[in-house]
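> coordinates only, no sequence provided:
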């Protein structure tokens, strides 16, 4: 039995442990999973793959323990770790991401710079973190027992890890985690709020944050510069709109898809811009039957530059209705984010996915991920 569990359960010796005993304790839970593991492992033999996974887990376990945590379980290519404090879990997540980047360099060097079956696909991991009160205890019988952590919040931490792939983030932490950090710690940590989501198997709205401390340099610069407008547009969608305002805002988009060529290291990269999903158009029409038709001239899509320059002020305009003013504010924020993406040559996957999944008037304007 790990010493971490002994301390948390109040034991002083392993001889005191009994199967079936548990105690309530507040812990930070971390799930980390290798993305595209099948592709990463392609071309490896069974023993070679086993040795590689063993080496990977050895590195990750050392980082967890260095941040005063404990690996509770290895689940295939994923791991589940627990921490006494939220700050330890966040620091561990950032350190794990940095170490994976070093691992990729090491794999490439092992092939003398030549892409081989072991190095042609970079290793990427997603990390989800949540903090809550859980039941920490011993399951099993006299012949076999194991230390484990049980609570619905454990599943939530796993779901947050799953969102990292859908939102294009490396680390996602719940609001419970961020609220445990001091103002100084939050000031040092690079993160941005993504708003509220509803994950699969749950009906509760959970506010989440994108921790981009370990992202690529240009991505960090983009997210740091656009933190305020990004969070403003998320708040505008999730909290500041009535059903009528949200529906009107959604109808301002064209349900068609346009395209934009973005230069990337001297090569043209085709990027499909954001478009309004059919279910969102239908939802908007149902909520506001008599609303004006969408502005077909606006085909720029969310997250990409439009042909019209952004307007910072509207001092000469007549008084606006709440819906019109909200829409204009939304478009203003969208343009700021679009310009920044073009300047840094990045695509904000989180912005695109959150707005595509936005369903006004349901679940407190939460973004639903309960279909996957």
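Yep, it's here. Everything numeric in this text was worked out from a predicted model, so none of it was measured.

> make it CA atoms for all contacts and neighbour counts henceforth
Fine.

> give me the sheet partners of the helix or strand harbouring residue 130 and which way each runs.
Secondary structure from DSSP states H and E places residue 130 in strand 125-140. According to DSSP bridges, strand 125-140 forms sheet pairs with strand 22-34 (antiparallel), strand 145-150 (antiparallel), strand 171-174 (parallel).

> so which of those strands is the most packed in?
The highest average neighbour count among the strands paired with strand 125-140, using mean count of other Cα atoms under 10 Å, belongs to strand 171-174 at a mean of 28.

> give me the contact list for the next helix-or-strand element following that one.
Counting by DSSP H and E, the next helix or strand C-terminal to strand 171-174 is helix 175-179. Identification of contacts with helix 175-179 by Cα atoms under 8 Å, 6 or more residues apart in numbering yields 28, 86, 87, 129, 130, 131, 132, 186, 206, 207, 208, 209.

> buried residues of stretch 220-236, list them for me.
220, 222-224, 226-227, 229-236 (16 or more other Cα atoms under 10 Å).

> likewise stretch 34-47?
For stretch 34-47, by 16+ other Cα under 10 Å, it's 34, 35, 37, 40, 41.

> wait, the first one sits on residue 79?
No. In terms of Cα atoms under 8 Å, residue 34 does not count as a neighbour of residue 79; the distance is 9.4 Å.

> which residue ranges of the stretch 1-150 of the chain form helices?
3-9, 37-41, 46-66, 86-110 (DSSP state H, counting those that start in this stretch).

> want to throw those into TSV with mean pLDDT and distance to residue 154?
Compiled in TSV, the helices of the stretch 1-150 of the chain are given as follows (pLDDT from 0 to 100; distance: least, Cα to Cα, whole Å):
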stretch	mean pLDDT	distance to residue 154
helix 3-9	64	16
helix 37-41	83	23
helix 46-66	93	17
helix 86-110	92	14
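
> would you turn those into CSV with distance to residue 175?
What follows is those, written out as CSV (distance: least, Cα to Cα, whole Å):
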stretch, distance to residue 175
helix 3-9, 24
helix 37-41, 29
helix 46-66, 21
helix 86-110, 11
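
> what's the most buried one of the ones you listed?
Highest mean neighbour count among those (mean count of other Cα under 10 Å): helix 86-110, a mean of 19.

> now the angle from that one to helix 46-66?
140 degrees (axes from the mean of the first three to the mean of the last three Cα atoms, to 10 degrees).

> now for helix 86-110, which elements pack on it?
strand 22-34, helix 46-66, strand 125-140, helix 175-179 (3 or more Cα pairs under 8 Å, 6 or more residues apart in numbering; DSSP states H and E).

> cutoff 10 Å now
strand 22-34, helix 46-66, strand 69-75, strand 78-83, strand 125-140, strand 171-174, helix 175-179, strand 206-211 (3 or more Cα pairs under 10 Å, 6 or more residues apart in numbering; DSSP states H and E).

> need the contact list for residue 161.
30-33, 125-130, 155, 169-173 (Cα atoms under 10 Å, 6 or more residues apart in numbering).

> one more pass at 7 Å, please.
Residue 161 sits next to 31, 32, 126, 127, 128, 172 when contact means Cα atoms under 7 Å, 6 or more residues apart in numbering.

> show me where pLDDT drops low in the stretch 201-350 of the chain?
238-323 (pLDDT under 70).

> measure stretch 64-83 end to end?
One end of stretch 64-83 sits 9 Å from the other (Cα to Cα, to the nearest Å).

> how about residues contacting that stretch?
4, 27-34, 61, 88-89, 92, 148.

> right, and the pair among those with maximum separation?
Maximum pairwise distance among these (Cα to Cα): 25.3 Å, between 4 and 34.

> now for residue 75, how many residues are close by?
If you count neighbours by other Cα atoms under 10 Å, residue 75 ends up with 11.

> before we move on, what about residue 185?
Residue 185 has 12 neighbours, counted by other Cα under 10 Å.

> kindly report the same for residue 212.
22.

> over to it: give its phi and psi.
phi -110, psi 30 (degrees, to the nearest 10).

> was I right about it contacting residue 220?
Yes. At 6.3 Å, residue 212 and residue 220 qualify as touching, with contact defined as Cα atoms under 7 Å.

> buried stuff in the host helix or strand of residue 335?
Using DSSP H and E, residue 335 sits within helix 322-344. Buried residues in helix 322-344, counting neighbours by 16+ other Cα under 10 Å, are found at 323, 326-342.

> same thing with stretch 169-186?
169, 170, 171, 172, 173, 174, 175, 176, 177, 178, 181.

> low-scoring stretches of the stretch 51-200 of the chain, by residue?
Scanning the stretch 51-200 of the chain for pLDDT under 70 picks out the ranges 111-120, 142.

> can you rerun that using 80?
Within the stretch 51-200 of the chain, the stretches with pLDDT under 80 are 110-121, 137-148.

> per-domain residue ranges of the chain.
The chain breaks down by automatic domain parsing into domains covering 3-215, 233-366.

> coming back round to it: now the contacts of helix 175-179 as JSON lines including distance to residue 21?
Shown next, in JSON lines, are the contacts of helix 175-179 (distance: Cα to Cα, whole Å):
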{"residue": "28", "distance to residue 21": "21"}
{"residue": "86", "distance to residue 21": "25"}
{"residue": "87", "distance to residue 21": "28"}
{"residue": "129", "distance to residue 21": "26"}
{"residue": "130", "distance to residue 21": "24"}
{"residue": "131", "distance to residue 21": "22"}
{"residue": "132", "distance to residue 21": "19"}
{"residue": "186", "distance to residue 21": "36"}
{"residue": "206", "distance to residue 21": "30"}
{"residue": "207", "distance to residue 21": "33"}
{"residue": "208", "distance to residue 21": "33"}
{"residue": "209", "distance to residue 21": "34"}
